[in-house]
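Engineer: quick one, structure for this:
(one chain, ligands or ions: 2)
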Amino acid sequence: MSDSMYVPVMLKCNGRLCLLVGGGAVAERKAAALLDAGASVHIVSPQLKSGQLRRLADEGAVRWTSRAYEPGDLQGAFLVYAATDDDALNKTIALEADRLGIWVNVASDGEAGSFISPAVMRRGRLTLAVATSGAGPAAAVRIRQQLEEQFGRDYEEYLDILYSMRSAIKAQVESAETRKRLLDRLYRLDILGDIRRGGYESWNTEKIKLWIENNQEE
Ligand SMILES: C[C@@]1(CC(=O)O)C2=NC(=C\c3[nH]c(c(CCC(=O)O)c3CC(=O)O)Cc3[nH]c(c(CC(=O)O)c3CCC(=O)O)/C=C3\N/C(=C\2)[C@@H](CCC(=O)O)[C@]3(C)CC(=O)O)/[C@H]1CCC(=O)O
Ligand SMILES: NC(=O)c1ccc[n+]([C@@H]2O[C@H](COP(=O)([O-])OP(=O)(O)OC[C@H]3O[C@@H](n4cnc5c(N)ncnc54)[C@H](O)[C@@H]3O)[C@@H](O)[C@H]2O)c1
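Structural biologist: Ligands and ions are numbered 1, 2, ... in the order given. Just a heads-up that it's a prediction; the model follows:
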C-alpha cells in the first residue's frame, strides 16, 4: 500500500452540486471540467479573479456566493474543491469535508485532499486521464499532449459505433454466452481501420439487427 497510489474512478456529476471555494485560475480550470460534465457549480469566493468565471456567473451558468468561505458551505455538496490562495484555509476545508464524507480536492497541497484531478483528453466517449500522483502536473500535461497526437478524432466515431452495436447486443440477446461471442466478434471487426481508410459505411438499426442474427452461432 502506498500514499501515492490513487484509485482511478469516473464520476457522474451530471446535475450534482459541486462546490468550488476560490475564484482564480485553478477554480476556472476545475469549473470548466465540471460544467462540461453537466454539474451544478457553486462558487464561494469574495472575488472572481478569473474573467471567464465572472462571465459564467453573469450568464447564470454557475452560482456565485460573493464572500469568504464559512464552515457549513459544503453541506449538500457531492464534491468540493478547495482552490483558494490561503493554504491553511484549503486544509481546513479538507478536514471539514472528510468529517462530512464529501470528496475534496486541495489545489495547494494535493496530498491533503481525498482526490486529485488528472490531465484529461477526450475523443467523444473515449477519456484518457493522466495523473502523476502529485509528482509533476506539468509532466501529466506533456503526456496528455502526446496522447492527443496518438489518438485522433477517428476514435470518436469508432466509439459511437461500438456503443450502438453493444447496446443493441445487450438489448436483443439474452444468453450471456452468445452476448460474449458477439462482443468478441464485434471487437475483432476492423471498424477503426475502415473509418481511417474512409471506407466505413454507417450501419442502420436493421443492419445491426441482421449482423446480430447472423453472428450468434459458434
Ligand atoms: C493535471 C492538472 C488537472 C487540473 O487541475 O484540472 C493538475 N494540475 C494542472 C496544471 C498545473 N498545476 C501546477 C502547474 C505548474 C507547474 C508545476 O508546479 O508542476 C501546472 C502546469 C500548467 O499550468 O501547465 C501547479 C501545482 N499543481 C498542484 C500544486 C500543489 C501541489 O503540488 O500539491 C501545484 C504547485 C502550486 C504552487 O507552487 O504554488 C497540485 C495538483 N495539480 C494537479 C492537477 C493534481 C496532481 C495531478 C498529477 O499529479 O498528475 C494536484 C495534486 C491537485 C489537483 O489540483 O487536483 C492541470 C493540467 C490540466 C491540463 O492542461 O491538462
Ligand atoms: N492544483 C493546481 O493545478 C494548481 C496550479 C497552480 C497553483 N495552485 C495552487 O492553488 C492555489 C490557487 O491558485 P490560483 O491560481 O487559482 O490562485 P488565485 O490567486 O488566482 O485565486 C485565489 C482565489 O481564492 C479566493 N479566496 C481567497 N480567500 C478566500 C476565502 N477565505 N474564501 C473563499 N475564497 C477565497 C480569491 O478571492 C481568489 O479568487 C494557489 O495558492 C497555489 O498554491 C494549484
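Engineer: rounded mean pLDDT for the helix or strand containing residue 177, please.
Structural biologist: Assigned by DSSP states H and E, residue 177 belongs to helix 176-188. Throughout helix 176-188, pLDDT has a mean value of 94.
Engineer: chain center to it: distance?
Structural biologist: The chain centroid and the centroid of helix 176-188 are separated by 28 Å under C-alpha atoms, centre = their mean, to the nearest Å.
Engineer: neighbouring contacts of the helix or strand following that helix?
Structural biologist: Sequence-wise, the next helix or strand beyond helix 176-188 is helix 191-197, with elements assigned using DSSP H and E. Applying C-beta atoms under 8 Å, 6 or more residues apart in numbering, the external contacts of helix 191-197 come out as 154-155, 157-158, 161-162, 200. (Each C-beta comes from the backbone N, C-alpha and C, glycine too.)
Engineer: quick check: buried residues in the strand or helix carrying residue 42?
Structural biologist: Secondary structure assigned from DSSP H and E places residue 42 in strand 40-44. By neighbour count with 16 or more other C-beta atoms under 10 Å, strand 40-44 contains the buried residues 40-44.
Engineer: which strands and helices sit next to the helix or strand encompassing residue 55?
Structural biologist: Per DSSP H and E, residue 55 falls inside helix 51-59. In terms of contacts (3 or more C-beta pairs under 8 Å, 6 or more residues apart in numbering; DSSP states H and E), helix 51-59 is packed against helix 25-36, strand 40-44, strand 63-65.
Engineer: now the lengthiest helix in the chain: buried residues?
Structural biologist: Using DSSP state H to assign secondary structure, the helix with the most residues in the chain is helix 154-172. For helix 154-172, a neighbour-count test (16+ other C-beta under 10 Å) marks 154-159, 161-162, 165, 168-169 as buried.
Engineer: pick out whichever of the residues you listed sits closest to residue 79.
Structural biologist: Distance ranking of these against residue 79, using C-beta to C-beta, places residue 159 first at 25.8 Å.
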